[in-house]
Structures are given as C-alpha cells and as structure tokens.
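> Just need the structure, nothing else, for what follows:
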Amino acid sequence: MRPRYHEEFLADIARSLQAAPSARDVLAALPGKLRRHFAAEDCLVYFKEPEGNAFRPYEEEPAATQPAPPAIAEEAVLIESFTGRSEPLVAGPQTRMYFELFDRDAQGLFSRRGINLVVPLRARRYFRGLLLARVDARDAKAVDALAAAAQAAALMVIPLVECERMEFENDKNFYRLFKFDRLVLLGQMAASLAHELRTPLTTVLFEAAAARGGAAGAEAVAASCDKIQREIGRAGRLVESLLVFSKFKDLRLSRLPLREFVERTLAEIPASKVPENVSVRVLADKEIQVTSDSDRLKQVFMNVLFNALEALAGGRGGTVEVRVYSEYDELPRNLHHVVAVCDTGPGIPDAIKDRVLEPFFTTKKEGTGLGLYISYSIMKTLKGDLEIHSSSQGTRVNLILPVR
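Numbering: from 1, shown residues only. The predicted structure is shown next:
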C-alpha cells in the first residue's frame, strides 16, 4: 500500500495535467512538486525535445545566481547510460566514476548543485528523460519513495506528451497533403476556369461588335453595355474566387466562444441582406469554447448563412436557425462541436445534391460555384468538416469543429 503523501502527489500531478494547456508544461512544475512532497533538496528534469537529438532541462524556479542547466545531447554518456536502464542510480563509492562522467556531460552541473541521484523517466517502452536530484543518500526509504513517485508521474505525463507530439506530426503531414492536393485542384480549376470564362468573353465580344456596327439604336447600345458590364463582373468574380482559394495563409488559432462568435457575426449583417418575412435566431444551451481561426470560420459561416437567406428570398419567407451544440459519435472521446445553419426553404433538388460541393457548379445566375467548395476546403484546414442535409422541408449545413 502506497503512503498517503504518494497519493497526494499523484493527485497534484493529475490536477496540473487537467489545468495545463499542454502536458509538456507540467514538466517544469514536476521538480517543485517532488521537492514539496518528498525529501529532496534539489530537483530538475531532463526531457527529450520533440525535434533534434537534445534533452532539455525543466525546473520550476531556476536559480538566478547559478548558470542555467545546459541541454544534453542524446549521445552523451549521461543519456545513453539510462536508455536501457529502469532503476535509479545513487552516488556512492562504486558509482563515483559514473557521476564524474555525467558531470562532464552536464558541464559541471552535478558538482555545482550536488546531484547524487539519477532516475530514468520511462513509460512502458518510452524512455524520454531523467530526474536529477540532491537527496540524503543514507535514507534509502526516502530515495526509493522519490524514485517511485517520479516513475509514477512519468507513467502519467509521458504518454500524454507522446500523444501531443503525434498529433503535432499528424497536423504537419495533413497540411503538407492539403497543400499538395491544392496544387492538383488548382490545375483542374484552371482548366474549368478557362471554360467558364469563355462564355462571358464571347458575350462581351458579340455585344461590342454589334455596338460598333452602328446599326443599333441608343437603347440597344445601352443594353449591350449593361450586358458587357454584367459579364465582366462575373468574370472578375470567378478570378477573385480562384485567387482566394489559391492563397494559403497560416492558421491563426485562438480560443473562441462559439455562441458569442455567432451572435457577433449576425449583428454585422446589413438589414438589407435579410429578406422580408425571414427571421434569424440562435439556439445555444451553453457557451462552448473552441480553438479555431476566427477569420476563416467567419468566412465559412457567412457564406453558408447567405445561402440560407437566399433560399428564403422572393417573398417565400421562413426561418433560419443557427444551433450551437456539442455531440459525439458512439464514444465520448469522439466529441466535436457543431454550428448548424438550418433554413425552412424548398431544399436542394435530388438531381443536384451530389454536385453542390463541386467547383464551379452553381444554379445562380450571378454565382461562381466556388463558395461552398472554398468553405468545405477551409473547414478541412481547420481539421473539421462541412456536412449538408437537405429535403423538401429545408436545408441544414453543419460546420463541425474538433475538440483541441
């Protein structure tokens, strides 16, 4: 049975893991917690950096009067000696030679701070660091208690640090693949754009030739000028949409309260954009915090919202509901957050449901067919998704955001 102070230490670590933004942040607090709960005069932790071959020092309050602990290379004797070792090593007559070698690797850190205990930090097959401490080596029980507590903390912290590292690597790989996919899509979109631009350019040339002939009256010339202006505007929107898609900017992630974000965005919509007999309301039981890029999320939300408002235009009237909630699929760990935009319009015809996310596909006279496609791409960069459900009773678009 473990002593009560050991349980209190582990509870302290658990609270820190819950409160810290990252599991790696707990490493800096670990030496101080060990000193407070156990008989250790000095403690610091060396932990493997996520990149490179160095071990970085972590301690709660570095002494201003002493040199900062150095980083230690992975091939150093201090590190290699414990890669395959799970037991702590205490300084003594039989181990003095080892500690002299360790001190050389650590640039005099051992002799300067009186380090006489080294505990490897492992979690199953992962060796990720060392605890260096100054203790009363004559008190074997105190040494064993400190070493056992450090190992128990490692079992809690290291798997979480590894998960964060793997998520970070997955994010980097995701963005690499996404950029590659964008290059492929840009080639396909360039061919589609050439086809789409042919229609407005042909109209412009035809109307310009008719006006130059001089046979038409002033009203016909004015009508031709209107067509030319309209078609040039359409071509400009196509080009602008393609430019928006091609510009890949780094994400600017920040904490975002979803309900407040939705209400603030709705307040920015001009009254002229909301058709008559159309009401917009927000349904959110509680405030949900997400980590996302507010500018990109706003671009997607506005595009989906305007589509919903247009579905109710023309005197039809109806309601647009914006629902904010959390849900999970089968298991609680699959939790995600949702902003659902629901309208009571006529819905999307069955014949075109499978094409609404295709680039350049549109049923609007003035549309480019890139709005929903770009919105879907943005949601993917946010590690989320965009789902469309439609029937004769209306359309629902779910903006799905991950729990980070």
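
> Would you mind giving the domain segments of the protein?
Here the domain parsing of the chain from automatic domain parsing is 4-170, 250-404.

> show me where the stretch 151-300 of the chain has helices.
For the stretch 151-300 of the chain, applying DSSP state H, counting those that start in this stretch gives helices covering 218-246, 258-267, 294-311.

> Dump the domains of the chain to JSON lines, plus mean neighbour count and distance to A220.
C-beta here means a position set from N, CA and C on the backbone, and glycine is covered the same way. Shown next, in JSON lines, are these (neighbours: other C-beta atoms under 10 Å; distance: least, C-beta to C-beta, whole Å):
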{"stretch": "domain 4-170", "mean neighbour count": "17", "distance to A220": "61"}
{"stretch": "domain 250-404", "mean neighbour count": "16", "distance to A220": "22"}
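
> and of these, who's closest to T203?
Of all the domains of the chain, domain 250-404 sits nearest to T203, with 13.0 Å by C-beta to C-beta.

> before we move on, the earlier item: mind putting the helices of the stretch 151-300 of the chain into CSV with distance to E327?
Formatted as CSV, those follow (distance: least, C-beta to C-beta, whole Å):
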stretch, distance to E327
helix 218-246, 30
helix 258-267, 13
helix 294-311, 18
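
> Identify whichever of those helices lies nearest to Q107.
Closest among the helices of the stretch 151-300 of the chain, using C-beta to C-beta: helix 294-311, at 45.6 Å.

> Downstream of that closest one, the next helix or strand is which one?
Per DSSP states H and E, the first helix or strand lying C-terminal to helix 294-311 is strand 318-328.

> Give me the contacts around that following strand.
258-259, 262, 266, 277-285, 288, 305, 308-309, 312, 334-345, 394 (C-beta atoms under 8 Å, 6 or more residues apart in numbering).

> And for stretch 15-22?
A23, V26, A29, K33, M156, V157, L160, E164.

> ok now do the fourth one, which residues does it touch?
Okay, so that is K33. Taking C-beta under 8 Å, 6+ apart as the criterion, K33 is in contact with F9, D12, I13, S16, A153.

> got a markdown table for the residues you listed, with secondary structure and distance to D42 too?
As requested, the contacts of K33 are arranged in a markdown table below (DSSP: H, G, I helix; E, B strand; the rest coil; distance: C-beta to C-beta, whole Å):
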| residue | secondary structure | distance to D42 |
| --- | --- | --- |
| F9 | helix | 17 |
| D12 | helix | 19 |
| I13 | helix | 19 |
| S16 | helix | 20 |
| A153 | helix | 17 |
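
> Can you pick out the most distant pair from those residues?
The most widely separated members of the contacts of K33, counting by C-beta to C-beta, are F9 and S16 (10.8 Å).

> so how far is stretch 287-300 from its chain's centroid?
With C-alpha atoms, centre = their mean, to the nearest Å as the basis, stretch 287-300 stands 11 Å off its chain's centre.

> what's the span of that stretch from first residue to last?
By C-alpha to C-alpha, to the nearest Å, the extent of stretch 287-300 from end to end equals 20 Å.

> For it, what does the pLDDT average out to?
Average pLDDT, stretch 287-300: 89.

> low-confidence ranges in the stretch 251-400 of the chain?
329-334, 359-361, 363-370 (pLDDT under 70).

> Helix or strand next in line after whichever helix or strand E8 is part of, which one?
In the assignment (DSSP H and E), E8 maps to helix 4-19. Counting by DSSP H and E, the element after helix 4-19 in chain order, helix or strand, is helix 25-37.
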